[in-house]
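Engineer: next one to model:
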Amino acid sequence: MKPKVSTSFSCVKTVESVYTGGQVEWFKDMAFTLARGAVNVVRKGEVISMLKEEEDQIISFTLAGSDTEVTVVTAHKSGLVRIWDCLVVEQPKVIRTFRSIHNGAISVLGLHTLSGSHSGTVLATGGTEGTVKVWDLTSQYFTHNFRTSSTVCSTLTFHPHKLLLYGGFSTGGLFCWDLTNSKLVQSMEAHFSVVTAFSITPCGLKGVSCGRDAVCVVWDLTSHSKVSTVPVFSPVEGMVMMDSLKVVLATGDKLAVWDLNTPAKISEAEMGCDVTSLRGQVDTLHCTTSDHNLLTISKTNLTVTGCTVGNNDEVLDLVLMGETNTHLAVACNSPAIRLYSRDTWNCVLATGHTDTVLCLATCPGDTSIMASGGKDKEVRVWRLEQDRLECLVVGSGHTEALGGLSWGAGLNQLVTVSKDTTLKVWSLDTSARSLASIRTEIAHEKDINCVSVSPDGGLIATGSQDKLAKLWSTDLGLVTVLRGHNRGVWCVRFSPVDRLVATGSADATIRLWALGEGGGSCVKTLEGHDTSVLRLDWVGGGQLVTSSSAGLVKVWWVARQECTATLDMGESKVWALATHLDSEGVLNITAGSGGGKISEYKDTTEEGEKDKQAEQDMIVVQHQKLNNLLQDKQWGKAVRLALKLSQPFTALKIIKKLSQPDLQAAVMSLDNPGLDQLLGYTVKWNTNTKHCAAAQAVLYVVLTNFDTEQLLSLPSCDSWIQGLLPYTEKHFQRLTKLQTKTKFVPYILHQMKATSMPVNSMVADL
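Structural biologist: Numbers count the residues shown, from 1 in each chain. Purely as a prediction, here's the structure:
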């Protein structure tokens, strides 16, 4: 029986960077993020569409929407402003473009819908040169131009009930303008740093401004005078008005609810990282963090209800968790572990480490248990509980960052390696929540990159930058040294079936070592990568999956030392790799690269073989049908089927058998794609003197029966015209010469008859 070998894969899910810092706006279940000069529309962590103009980067934007319309306004580096209709968000379209009159770039925009006698939509734009301009989008004209002595405009807010506009600036200035007479109503002086937000109470009588000077100022909007100044003891990056004068402030890494009437802080919640912006919807809050996460928060208790990872930065390791691999734990350039639900791809952050997490490992006996290690020199053990990771125990003992982890045969043993060149065995008691180091050995001369425990728990394998892989017993006695790699060993893994261990190295090779009583010997070397092999994993005992620093993932048929499939993850290093068989026994590969990309691939070899067989069966049926048509002398259908099957020689044989009326009927029955294909074949036939008669017959029918405009509209018109003209002229010249030569034949015959007449008959005639 032929072993199952995977030869083709399809990408079923990709998680990429959707936010790298900057402006974000939310509408319903979508986030509009500004990244790389374009606006990404993100839903469930995936970009579903993009607002982008070639060679004209977007520098700021705003949006407003309802159930019947969604409008996005973008400001571009060129000074243009574009209005987008995003009601069908998968197909955004530009409905209007105009040039702003700002001398500098537009830093902030605001949309407002007027009601009452002044109905319509107005747009306010704030520039980096200290001016604010207002545009009537309904009537399509520029209405106001407000100048200030400040520099960059940082926030714009329309009064909900009056024709008033408030603008905050980076110098701390806050101004109010009357849109009815284009005059400055009040210069509201209170801040000494950037005004980050200005909110107005629902009644419209009071307003609150906040800034990076760590104060909130309450204003009476009737007289535009300052009511009170409330110190909040930390720079404020965002504010959302809840009711009356109760506000939610983004200060440092916390969200805090303040009652500015009292004033007093009511409650606060830590977000795990500095909050860079804050927005509000009806029942929820949305904020962005400095590590590029988009958080959805409940207004009632400030708990995080959803998280979209904007940028994974560099994916360093990943493992599958849960009985049926329902979750994916990812270690990135961050102290927080990202836990994805593979059904919805919602993300939850697991905090605990104080520095970057470098390696992860799940327990073979209980896949809901995971261990992690990082640059903080700590080992943490986690349990998956209701879509969240709960830290069970913390262990310390290494003096440098950890390089790898692996579980022993049971749940009570853990093996770790570190850059401090040591190999440690830990004893774990989950009930007592204790983790203690029971054995330590200086295993290598340089940094240890990886460790693996054999399926039976009897051997431990380590790989190091000293170019060596070593086998150890459970009491850390050296069993053997595996020599052969020319550079550092990055990964090592025991075969789950055979007595083999695989190692991958920076010398771009994978070596398979047989474990015998006398030690380990290299039995196979897999060559195919051009750069360092960073990760590897076994699939059963017959296949091996490897990843490299060139961004490639390769699947190997071990018995034949043959690469059967190559997956391209881009140009970044693929540090993370995990494989599993689903409920149907189909291989799934999950890989993470240094560019923050996580891709999941599914084996489609069986489907591909079925499709290939079905295609071959269809071709056989079509060939039989073609033979039947030829037998029945249904030339038109036969020509169409021959063209459909891409068989130019069969079509040529049919055309040569047809009379002129039959050929005309067959050609006239073709549609435009079929006619275009036939003319393409005619170009090739016309280059050969044996087939040029058939080609010219087709050309005659086409040129005498089809309209010129129809022929010029064919996709390949230019190519076949250029191919037909020179050879047609050549054939015409050849036939002209032949016709000229044929005139000599009757002349010679006539002369031959004249010279062969008898002499007597000539005399008689005289």
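
Engineer: can we go C-alpha only for contacts and neighbour counts from here?
Structural biologist: OK.

Engineer: report the central residue of the chain.
Structural biologist: Glu16 (4.3 Å; CA atoms, centre = their mean).

Engineer: residues in contact with it?
Structural biologist: Glu46, Asn311, Asn312, Gly596, Lys597, Ile598 (CA atoms under 8 Å, 6 or more residues apart in numbering).

Engineer: those in helices, which ones?
Structural biologist: Of those, none are assigned to helices by DSSP state H.

Engineer: top of those by neighbour count?
Structural biologist: In terms of neighbours by other CA atoms under 10 Å, these top out with Asn312 at 29 neighbours.

Engineer: give me the nearest residue to that one, chain neighbours excluded.
Structural biologist: Gly596 (4.5 Å; CA to CA, 6 or more residues apart in numbering).

Engineer: any idea how far the one you found is from Cys717?
Structural biologist: The spacing between Gly596 and Cys717, counted by CA to CA, to the nearest Å, is 46 Å.

Engineer: by contact count, what packs against the strand or helix carrying Ile589?
Structural biologist: For Ile589, the host element (DSSP states H and E) is strand 587-593. Contacts defined by 3 or more CA pairs under 8 Å, 6 or more residues apart in numbering; DSSP states H and E place strand 587-593 against strand 317-321, strand 574-581, strand 598-603.

Engineer: would CSV of the ones you listed with mean pLDDT and distance to Leu295 be doable?
Structural biologist: Putting the helices and strands packed on strand 587-593 into CSV (pLDDT from 0 to 100; distance: least, CA to CA, whole Å) gives the following:
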stretch, mean pLDDT, distance to Leu295
strand 317-321, 96, 22
strand 574-581, 94, 25
strand 598-603, 94, 20
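
Engineer: let me know which of these is the nearest to Thr151.
Structural biologist: Thr151 lies closest, by CA to CA, to one member of the helices and strands packed on strand 587-593: strand 598-603, at 41.7 Å.

Engineer: shouldn't Leu468 be in contact with Val489?
Structural biologist: Yes: under the criterion of CA atoms under 8 Å, Leu468 makes contact with Val489 at 6.6 Å.

Engineer: please say which of the two ends up with more neighbours.
Structural biologist: Val489 (28 against 23).

Engineer: quick check: that one vs Gly463, distance?
Structural biologist: Using CA to CA, Val489 is found at 5 Å from Gly463.

Engineer: intersection of neighbour lists for the two?
Structural biologist: Joint contacts of Val489 and Gly463 (CA under 8 Å, 6+ apart) are Asn449, Ala469, Thr503.

Engineer: make JSON lines from these and add secondary structure, pLDDT and neighbour count to it.
Structural biologist: Shown next, in JSON lines, are these (DSSP: H, G, I helix; E, B strand; the rest coil; pLDDT from 0 to 100; neighbours: other CA atoms under 10 Å):
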{"residue": "Asn449", "secondary structure": "strand", "pLDDT": "95", "neighbour count": "23"}
{"residue": "Ala469", "secondary structure": "strand", "pLDDT": "95", "neighbour count": "30"}
{"residue": "Thr503", "secondary structure": "strand", "pLDDT": "96", "neighbour count": "29"}
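
Engineer: which residues are contacting the host helix or strand of Thr462?
Structural biologist: In the assignment (DSSP H and E), Thr462 maps to strand 459-464. If you take CA under 8 Å, 6+ apart as the criterion, strand 459-464 is touched by 444, 446-454, 469-474, 488-493, 503.

Engineer: need the next SSE after it, C-terminal direction.
Structural biologist: Downstream of strand 459-464 (by DSSP H and E), the next one is strand 469-473.

Engineer: ok, and what's touching that following strand?
Structural biologist: 458-463, 478-483, 489, 492, 503.

Engineer: between the residues you listed, which has the most around it?
Structural biologist: Neighbour count (other CA under 10 Å) singles out Gly463 as the most crowded of the contacts of strand 469-473, with 32 neighbours.

Engineer: tell me what that one is bridged to.
Structural biologist: Gly463 has the following beta-bridge partners by DSSP bridges: Cys450, Ala469.

Engineer: and if you look at Cys307?
Structural biologist: Leu295.

Engineer: show me where the stretch 501-650 of the chain has helices.
Structural biologist: Residue ranges of the helices in the stretch 501-650 of the chain, as given by DSSP state H, counting those that start in this stretch, are 605-631, 635-644, 648-657.

Engineer: deepest of the ones you listed, which one?
Structural biologist: Among the helices of the stretch 501-650 of the chain, helix 635-644 has the highest mean neighbour count (mean count of other CA atoms under 10 Å), at a mean of 21.

Engineer: just how off-centre is that one within its chain?
Structural biologist: Taking CA atoms, centre = their mean, to the nearest Å, one finds helix 635-644 lying 43 Å from the centre of the chain it belongs to.

Engineer: contacts only, for Ala331.
Structural biologist: Val315, Leu316, Asp317, Leu318, Ile337, Arg338, Val357, Leu358, Cys359, Leu360.

Engineer: wait, the last one sits on Trp407?
Structural biologist: Just to be clear, that refers to Leu360. No: under the criterion of CA under 8 Å, Leu360 makes no contact with Trp407, lying 10.5 Å away.

Engineer: residues in contact with the strand holding Ile589?
Structural biologist: The contact list for strand 587-593, computed with CA under 8 Å, 6+ apart, reads 314-318, 539, 551, 569, 572-582, 598-603.

Engineer: cool, stretch 102-122 as well?
Structural biologist: So stretch 102-122 is in contact with 59-64, 73, 75-77, 79, 123-129, 131, 134-138, 152-158, going by CA under 8 Å, 6+ apart.
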